[in-house]
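In: prediction below, plus the sequence it came from.
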Amino acid sequence: MNVQKWMYELMILIEGSIALCCLTSALLLARSLNNKKLFVHARSFALISLFFGFSYFFIGFLIIGGEWFCM
């Protein structure tokens, strides 16, 4: 297995795990609409998930991908 295929599969795995975290946090937010304490916990989990998603996109695609194609 070459390095490019391994990195491609790693990218798909990271994207899938971020999507799963965002889906889980959306379900937690929907379940805890009536309970303020649980809602705050679910909101913090959602913010962390979205932060990782944005960081992955920004660092992976805009910075590294942009530098790759500028070479």
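Out: Now that the structure is in, tell me what you want to look at.
In: got a list of what the nearest residue to F45 once chain neighbours are set aside touches?
Out: In space, and not counting its chain neighbours, F45 is closest to S25: 4.7 Å by CB to CB, 6 or more residues apart in numbering. For the C-beta atoms, the positions are set from N, CA and C on the backbone; glycine is no exception. Contact partners of S25, counting by CB atoms under 8 Å, 6 or more residues apart in numbering, are 42, 45-46, 49.
In: W6 now?
Out: No contacts exist for W6 under CB under 8 Å, 6+ apart.
In: show me how far the host helix or strand of L13 is from its chain's centre.
Out: Using DSSP states H and E, L13 falls within helix 3-31. In terms of CA atoms, centre = their mean, to the nearest Å, the gap separating the centre of helix 3-31 from the centre of its chain is 6 Å.
In: what are the buried residues along it?
Out: 18, 21-22, 25, 28-29 (16 or more other CB atoms under 10 Å).
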